[in-house]
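K.L.:
give me a 3D structure for the following:
(chains A and B)
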Amino acid sequence: MSDWSRIAPQLADATGETLYMVAVSAVLTVLLGIPLGVLLTVTAPDGLAPRPWTNRVLGLVVNLGRSLPFIILLVLVAPVTRGLVGTTIGSTAAIVPLTIGAVPFLARLVETSLREVSHGKVEAALAMGARRRQVVRTVLLPEALPSLVAGVTVTVVALISYSAMAGAIGGGGLGDFAIRFGYQQFRTDITLLTVVLLLVVVQALQFGGDTWARRLARR
Amino acid sequence: MIELHHVRKVFPGRRGGPDVVALDGVDLAVPAGDFAGVVGPSGSGKSTLIRLVNLLERPTSGSVAVDGRVLTDLPADQVRQARSSIGMVFQHFELMDSRTAAENVEHPLELAGVGRAERRRRSAELLDLVGLAERAGARPRQLSGGQKQRVAIARALAARPQVLLCDEATSALDQASTTGVLQLLRRVRDELGLTVLLITHEMAVVKAVCDSAVLLEAGRVVDGGRLDDVLTRDDSPLAAALLPAPVADDRVAGTLLRVTVTEAAPEADVLRVLVGQLGLAVEVAGGSVETVAGGRHGRLLLRITDGDLSGLDTALTQLRAEGSKVERVAA
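P.N.:
Next up is the predicted model:
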């Protein structure tokens, strides 16, 4: 790597872009995905507030979002991105498809976590005179917290993988860097270096998430 | 007090199967301050019955009243308020794993919007009442089954209910914990003047704590009453369930007599006549006598091993006329 001094700053920028895209879309995904997961759970036929039609429509939207290959979703939501951000190019623009892609993913994981909270605990809270929103706030979410943390970790890791693809249509970041410098300039060493960097980020996240979840579960 | 009036509960059949009638016209009245039990085999509808009292389950028809309020007539938000004055304890405790013992006890107060300082004070007082003051900071997973149920009882009492519902509260506990939890339930009933409704499939639980009980079979009340009354009735299916009749072993020779022991008709009366007057040799072949609801009750099988039986039937008729419950078992 004789040209290291030329590449290093660009690699640093790319890493920064990836972290920025993933961090902002992760926050948005948690803010939107957890409420959507709660809605999916409580509107289910055996849920706290059964709304079979709402549940079916939500389920359909979530499945659509999950079954669509991310690269197709990127192209499909371009008009939405332009409407929200003003452009479809750049890291900020990539946050829109990343969030839209990850929200349904997290919502399903949240639904699974909340379903694992025993019905008996929900019933105990109802017997105490809890309102439905109090059941969600004081029973479902706190009791499922370790499992929710694990779900968010998996989602953030998926976001890193998606962000590499988003780079391909002008989002920048490590994925884009690997393609431009590694692949297109036949520099396998740069591609490998990028892979190692991504691996480090994913490992650190997974480790952090697992540790946190375990600590919560051991309470 | 708790009043169920002609309550029916029908669950729609699964996958087009026939509807399931869980409760078929149940009437139940538990007076204020009473410790009442509902017993029955599994599938008899007792779980459904207790869940109707705080409307966790809505009856298909009939009415439910607690402390004079007809819950089945109330709108949803008032039902919720009414529930907060009905405590409930469950077979599997249903404590929140994310909360400490004290935080679990505070849970209903938190839902009712009680301030933090008052919640703390009340949870400390209640954990003290159930004998777990020093475990206030423990998580449920650090507590034994009996301790969990004590915390659950403290939680059920936090909002100062008048009524306490116990759904198989001791069925997941070992013998020693069961005894402790039952004594605690009895004590809080006495100290706080609660009305308690307990459902169980264990007859020993009813005998240990209840003042009255009903026997539920296939969704209907087949027998019931105050235990001291029920146990004096020979034909009572509830009495037979509480104090099973001893089985006669016909491989041993001798004349057998069945004696139903009650407070008013102790076995001593029978023995005095058989042994003292007729000079018969008598042994106990089976049965038991227990103290239930403050009185001695039991069923005994006596075997006459030797002596002149010619005066026996006349003596038995005389004993029955004097109030003893004794019968000769046909050979």
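K.L.:
secondary structure class for the residue in the stretch 151-300 of chain B that chain A sits nearest to?
P.N.:
Residue nearest to chain A within the stretch 151-300 of chain B: B:Ala159 (7.3 Å; CB to the nearest CB). (Each C-beta comes from the backbone N, C-alpha and C, glycine too.) With DSSP: H, G, I helix; E, B strand; the rest coil as the basis, B:Ala159 sits in coil.
K.L.:
isn't it up against B:Ala82?
P.N.:
No - using CB atoms under 8 Å, B:Ala159 makes no contact with B:Ala82, being 11.3 Å away.
K.L.:
what do these two both touch?
P.N.:
A:Gly129 (CB atoms under 8 Å, 6 or more residues apart in numbering or on different chains).
K.L.:
who in chain A is up against chain B?
P.N.:
Contact residues (CB under 8 Å from any CB of the partner chain) of chain A with chain B: A:118, A:120-121, A:123-131, A:134, A:138-139, A:142-143, A:145, A:219.
K.L.:
so which of these are in helices?
P.N.:
A:120-121, A:123-127, A:134, A:142-143, A:145 (DSSP state H).
K.L.:
what residues does stretch A:173-191 touch?
P.N.:
A:1, A:7, A:10-11, A:14-15, A:17-18, A:21, A:91, A:94, A:163-168, A:170, A:192-195, A:197-198.
K.L.:
just the residues you listed: which are in helices?
P.N.:
Using DSSP H, A:7, A:10-11, A:14-15, A:17-18, A:21, A:91, A:94, A:163-166, A:192-195, A:197-198 are the members of these that sit in helices.
K.L.:
where does chain B have low pLDDT?
P.N.:
B:331 (pLDDT under 70).
K.L.:
residue in it nearest to chain A?
P.N.:
B:Ser84 (3.2 Å).
K.L.:
count of neighbours near that residue?
P.N.:
For B:Ser84, the neighbour count with other CB atoms under 10 Å in any protein chain shown is 20.
K.L.:
for chain B, which segments count as strands?
P.N.:
B:2-11, B:20-30, B:35-39, B:61-66, B:69-70, B:86-89, B:163-167, B:195-200, B:212-217, B:220-226, B:255-261, B:281-292, B:295-306, B:325-328 (DSSP state E).
K.L.:
so can I have JSON lines of these showing distance to chain A and mean neighbour count?
P.N.:
Output for those, formatted as JSON lines (distance: least, CB to the nearest CB, whole Å; neighbours: other CB atoms under 10 Å in any protein chain shown):
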{"stretch": "strand B:2-11", "distance to chain A": "13", "mean neighbour count": "18"}
{"stretch": "strand B:20-30", "distance to chain A": "17", "mean neighbour count": "19"}
{"stretch": "strand B:35-39", "distance to chain A": "17", "mean neighbour count": "26"}
{"stretch": "strand B:61-66", "distance to chain A": "13", "mean neighbour count": "18"}
{"stretch": "strand B:69-70", "distance to chain A": "14", "mean neighbour count": "14"}
{"stretch": "strand B:86-89", "distance to chain A": "4", "mean neighbour count": "26"}
{"stretch": "strand B:163-167", "distance to chain A": "8", "mean neighbour count": "24"}
{"stretch": "strand B:195-200", "distance to chain A": "13", "mean neighbour count": "25"}
{"stretch": "strand B:212-217", "distance to chain A": "21", "mean neighbour count": "23"}
{"stretch": "strand B:220-226", "distance to chain A": "24", "mean neighbour count": "18"}
{"stretch": "strand B:255-261", "distance to chain A": "41", "mean neighbour count": "21"}
{"stretch": "strand B:281-292", "distance to chain A": "30", "mean neighbour count": "16"}
{"stretch": "strand B:295-306", "distance to chain A": "35", "mean neighbour count": "18"}
{"stretch": "strand B:325-328", "distance to chain A": "43", "mean neighbour count": "17"}
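K.L.:
quick one: closest of the ones you listed to A:Thr29.
P.N.:
strand B:86-89 (38.3 Å; CB to CB).
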